[in-house]
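[1] below are the sequence and a predicted model for it; my questions follow.
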Amino acid sequence: MITTIKSNINFFIKTFGCQMNEADSEKLKALLIHNGFNYSDNFNDADIIIMNTCSVREKAEKTAFQYLNQFRSHKRDNPEKIIAFGGCIGQEKKKELLKKFPGLDLVFGTESLLKVPSLLEEIRKKRRRIYDTEWDKENRIINENIPWVKNGKITGFVPISRGCNNFCSYCIVPFTRGEEKNRPFISVMEDVEDAVRNGIREITLLGQNVNSYYDGDKSFRDLVGALNKIDGLKRIRFMTSHPRDLSEEDIQMMNKCAKVCEHFHLPLQSASNRILELMNRGYTLEEYDKKIRYIKRLKPHTIVTTDIIIGFPGETEKDFEDTLNYVKKTEFDSAFTFMYSKRPNTKASELEDTVPESVKKRRLQDVIDLQEKISRCINEKYLDKKENVLVEGICKNEKLKLFGKTRTGKAVIFSGSDELVGQEVDLKIINTGPHTLAGEII
Ligand code: SAH
Ligand code: SF4
Ligand code: F3S
């Protein structure tokens, strides 16, 4: 699959958006390195500037265009540079971007990743402007095994499926990433084995809805069960679990596999059944709550994190209070909270945006403040406790300070020698905050 085009060209990648985009950028980076390009972490030194973008909310789009304009003005003084723009906005807006932004050389879509090296070569040789945003409508599976690059990283993302069939009414992802496609079981296994050979000790399996993964007769549970047996791999995480599709059997299996960490990311979005229905989420609050209680009953120290949207069209003060009360009662370890953003093509974009901006802002702040309090209290319970931490690296500015994560995903900093990177160590927690813990080696 990989053709080596030798060059001494430097490239830089700026990534926006979710873990799927981060995974794609890592893959693209490895692919370009295998093709003889050199990675640079500073765009000033790069011959090729690549943007991997996100359109999930309007703000994410705005930020991407601010960067694009910055790179375009940099190009005015360096006209030989190439600017490539890909990911979800590339897919959404396609060739329109080339018309709108002189100076932009390449627009690539969410299924064009593997073609990027050859597209860049074509641009360099022929000085043409190109867009490539076609989707493969025939194949329901995806092949994307790119050899990992040894770069000292301990944790890595492994997409197991792409796209989404759920069409939650607010969400643009089904339009930017297309229908759900699963990766073959065997390619995921080979990919993770290769990751481990290259130093990765913890993987996070990615999909918009990991529980719906299948390949022939193999399910998500079969995949996790098989990955759990890979020598050298220490930890397995996964996201996102869809509250409709996460089954009791899934929860039991995750608990059985020793390498699977005690963490479910289970986006709630809203605790009002009326809003959940308008969102087309496919579950009620009662069904959601039953799953959380089952998770906690089987392994009480398992943590649950969530996503919440504030100000969905029609959200009343009562709907919002329901969400706030449910957050209070459930005590999520952390929550990503978003202000509703109207997105093109989505069903919800046809609904009247009834909640004034000032009300959305106040509601968002209320839920952020509440969650901060809860996270702080939960983390305080870690004080003086023993925790097993996978050491991920050395903190940039603090000498001798290592960082890692507990199995429950809490970030911990502590003193220790560089050689511990990649190993699991037992720490005593000596300080806590809402986002980070501090520890010392036992
Ligand atoms: N597939 C995952 C995550 C998708 S995007 C899931 O179903 O949970 C991540 C989060 O962004 C979503 O969970 C949702 O909370 C938020 N989000 C998506 N579209 C949004 C929109 N239009 N406005 C505000 N938040 C949005
Ligand atoms: Fe978007 Fe819903 Fe799919 Fe998640 S499950 S990506 S929120 S459509
Ligand atoms: Fe991810 Fe943003 Fe695309 S959240 S899937 S990069 S729209």
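    Nice, thanks for sending it over. Ligands and ions are numbered 1, 2, ... in the order given.
[2] quick check: residue 390 is in a strand.
    Yes: under DSSP: H, G, I helix; E, B strand; the rest coil, residue 390 falls within a strand.
[3] quick check: residue 438 is in a strand.
    Yes: under three-state DSSP, residue 438 sits within a strand.
[4] when you give positions from now on, start the count at 33
    New numbering, starting at 33: the last item is residue 470.
[5] now do the SS call for the residue in the stretch 233-382 of the chain that ligand 3 sits nearest to.
    Ranking the residues of the stretch 233-382 of the chain by distance to ligand 3 (CB to the nearest ligand atom) places residue 240 first, at 7.2 Å. (C-beta placed from N, C-alpha, C; glycine too.) Put simply, residue 240 is coil when judged by three-state DSSP.
[6] hang on, it packs against residue 199?
    No: judged on CB atoms under 8 Å, residue 240 makes no contact with residue 199 at a distance of 11.1 Å.
[7] stretch 203-217 spans what distance, first to last residue?
    Taking CA to CA, to the nearest Å as the measure, stretch 203-217 stretches 28 Å from start to finish.
[8] tell me where the stretch 83-232 of the chain has strands.
    114-119, 138-140, 162-164, 187-191, 193-194, 213-214 (DSSP state E, counting those that start in this stretch).
[9] mind putting these into a markdown table with mean neighbour count?
    Formatted as a markdown table, the strands of the stretch 83-232 of the chain follow (neighbours: other CB atoms under 10 Å):
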| stretch | mean neighbour count |
| --- | --- |
| strand 114-119 | 25 |
| strand 138-140 | 25 |
| strand 162-164 | 19 |
| strand 187-191 | 20 |
| strand 193-194 | 23 |
| strand 213-214 | 20 |
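[10] which one of these lies closest to ligand 2?
    Among these, strand 193-194 sits nearest to ligand 2 (CB to the nearest ligand atom), with 10.7 Å.
[11] got the contact list for stretch 447-466?
    Applying CB atoms under 8 Å, 6 or more residues apart in numbering, the external contacts of stretch 447-466 come out as 184, 186, 231, 233, 266, 404, 407-408, 411-412, 414-426, 432-434, 436, 444, 446, 469-474.
[12] please name the residues that touch residue 83.
    For residue 83, the contact set (CB under 8 Å, 6+ apart) comprises 45-46, 48, 96, 99-100, 103, 115-119.
[13] what does residue 317 give?
    303-305, 308, 354, 358.
[14] of those residues, which belong to helices?
    If you go by DSSP state H, the contacts of residue 317 have 305, 308, 354, 358 in helices.
[15] residues of this protein that sit close to ligand 2?
    Counting by CB under 6 Å from any ligand atom, the chain comes close to ligand 2 at 196, 198-200, 203, 205-206, 240-241, 274.
[16] try it again at 5 Å.
    Residues of the chain lying close to ligand 2 by CB under 5 Å from any ligand atom are 196, 198, 200, 203, 205, 240.
[17] could you dump these to a markdown table with neighbour count, distance to residue 454 and pLDDT?
    Formatted as a markdown table, those follow (neighbours: other CB atoms under 10 Å; distance: CB to CB, whole Å; pLDDT from 0 to 100):
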| residue | neighbour count | distance to residue 454 | pLDDT |
| --- | --- | --- | --- |
| 196 | 22 | 34 | 97 |
| 198 | 18 | 37 | 97 |
| 200 | 22 | 38 | 98 |
| 203 | 21 | 37 | 98 |
| 205 | 22 | 33 | 98 |
| 240 | 23 | 30 | 96 |
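[18] now stretch 336-346: how far from the chain's centre is it?
    Centroid displacement of stretch 336-346 relative to its chain, using CA atoms, centre = their mean, to the nearest Å, is 17 Å.
[19] what about it, near ligand 3?
    No: using CB under 5 Å from any ligand atom, stretch 336-346 stays clear of ligand 3, with a minimum separation of 10.7 Å.
[20] tell me the secondary structure at residue 451.
    Under three-state DSSP, residue 451 falls in the helix class.
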